[in-house]
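A.B. asks: Provided below for reference: sequence and predicted model.
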Amino acid sequence: MNYWMILKISLKALRRNKIRSALTMLGIIIGVAAVIAMVSLGKGAQQQVQEELSAMGDNTVWVRAGSRRSWGIRSATGTRNTLKGSDFEAMLRECPAIKAVSPSAGSVAQVVFGNQNWNTRIEGYNEQYPQLRNWEMAQGQFYDVSHVKSASRVAVLGNTVWKELFSGSDPIGQTIRIKNLSFQVIGVFKAKGYNSWGRDQDDTILVPYTTVQKKFLGGVLSVQSGIVQAVSARATYAAEKQIRSLLRQRHRLGPFQDDDFSVRNLSEIAEAAEATSRIMSYLLAGIAAISLLVGGIGIMNIMLVAVSERTREIGIRMAIGARPNHVRIQFLAESIALCTMGGIIGLLIGLGTSYGIAQFLGWSTIVSLDSIILSIVFSAGIGIFFGYYPAHKAAGLDPIEALRYE
């Protein structure tokens, strides 16, 4: 059996009806292009969610003060003075599942340098903040434990504040004024950009949390919230339990009293977000796969028409020695060739669509090698699956009846 000859005959048969062959391939082209584009869009969204959560810190648990209750009216979380910096020091000291902590205190202020000014967030953390948030320095350095203990007036600028106040010039060692207090700039963070809810993460100034307490909050010892980092992702759940137990003990809460704080495990949010984006990816891929299925049905229909049109040709081939298996392979080859060519064209269109979505709409897309291989293999598989019945029908024709067919 000369397979090369069978392939040449199959391609010649397809070229005889170029328009019909092109229209038949259209279903596969659209299906493969849709699969590539939708899967890349889903994977891009999944990676974007992971990057957002990573920007908030790895293995992170957020602890916030409780809410006030007055005459049956409850205020927002973080409005009670129930957390202190010493609580977070105790967590690091007494909770085995925790490896880093930072209390948090914040304010909003007008910042002035020379003839430039900018209104921004003033956020106070301890020396472990860059580790907790995976935030690297672009210039200078972050403040250390001695600055925190002495409530030093040192500042680390977010990238947006640096550009607004210094127009890109070197700020290290310069003095800025925050609420009429002078602060020395010792570092600048690398740009992080906007988060998923539209907040500019670089529009901030970091100072020791003790400085915020003493200089901006009237010397209060309480903090609004804090960040806790567990030793691993799995340990976040153990850390959450240890934090609750420790804080209830330190705040002398009875068995029937509610927590005067809240603990939020970002691992749970990450798992939920990842599951949601994964389901969305499967949904998009499933919708696109329906296009491939419709394309396969179209190929079966056209191949059945081809068998009907070429019945006399099949009879002549069988009469001069072609076996049923030869006829079956020929029609299968035509079906597979249609699907494979359609798959390759659809792949190119899908790649172009993914690139266009990223460039013109600004959405994140990731084209994986797995999706490329899967779409090509799947399109060839559709050619075999939907082409087998027409090929089997052609191979089962009676040569004498086929020769009589008009």
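C.D. replies: Great, that's in hand. Numbering: from 1, shown residues only.

A.B. asks: what about His326, how many neighbours?
C.D. replies: Using other C-beta atoms under 10 Å, His326 has 17 neighbouring residues. Where you see a C-beta, it was placed from the backbone N, CA and C, and this is true even at glycine.

A.B. asks: mind checking which helix or strand it is in?
C.D. replies: Element membership of His326, judged by DSSP states H and E, is helix 324-356.

A.B. asks: what comes up buried for the following helix or strand past that helix?
C.D. replies: Counting by DSSP H and E, the next helix or strand C-terminal to helix 324-356 is helix 369-395. The neighbour-count check on helix 369-395 (16 or more other C-beta atoms under 10 Å) flags 371-372, 374-376, 378-380, 382-383, 386-388, 390-391, 393-395 as buried.

A.B. asks: Can you identify each of the helices in the stretch 201-350 of the chain by residue range?
C.D. replies: 209-211, 235-250, 266-309, 311-319, 324-356 (DSSP state H, counting those that start in this stretch).

A.B. asks: what's the closest of those helices to Met38?
C.D. replies: helix 266-309 (3.7 Å; C-beta to C-beta).

A.B. asks: Of the helices of the stretch 201-350 of the chain, which is nearest Val39?
C.D. replies: It's helix 266-309; of the helices of the stretch 201-350 of the chain, that one is closest to Val39 (C-beta to C-beta) at 5.2 Å.

A.B. asks: Show me where the stretch 101-250 of the chain dips below the pLDDT cut-off.
C.D. replies: Along the stretch 101-250 of the chain, the model assigns pLDDT under 70 to residues 195-198.

A.B. asks: Which stretches in it count as strands?
C.D. replies: Using DSSP state E, counting those that start in this stretch, the strands of the stretch 101-250 of the chain run over 116-125, 137-140, 154-157, 175-178, 181-189, 204-208, 222-223, 225-230.

A.B. asks: could those go into CSV alongside distance to Arg317 and mean neighbour count?
C.D. replies: Listed next are the strands of the stretch 101-250 of the chain as CSV, based on distance: least, C-beta to C-beta, whole Å; neighbours: other C-beta atoms under 10 Å:
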stretch, distance to Arg317, mean neighbour count
strand 116-125, 80, 19
strand 137-140, 74, 14
strand 154-157, 81, 26
strand 175-178, 88, 18
strand 181-189, 75, 19
strand 204-208, 78, 25
strand 222-223, 87, 23
strand 225-230, 72, 25
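
A.B. asks: Need those in CSV (columns: distance to Ile329).
C.D. replies: Output for the strands of the stretch 101-250 of the chain, formatted as CSV (distance: least, C-beta to C-beta, whole Å):
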stretch, distance to Ile329
strand 116-125, 71
strand 137-140, 64
strand 154-157, 71
strand 175-178, 79
strand 181-189, 65
strand 204-208, 68
strand 222-223, 76
strand 225-230, 61
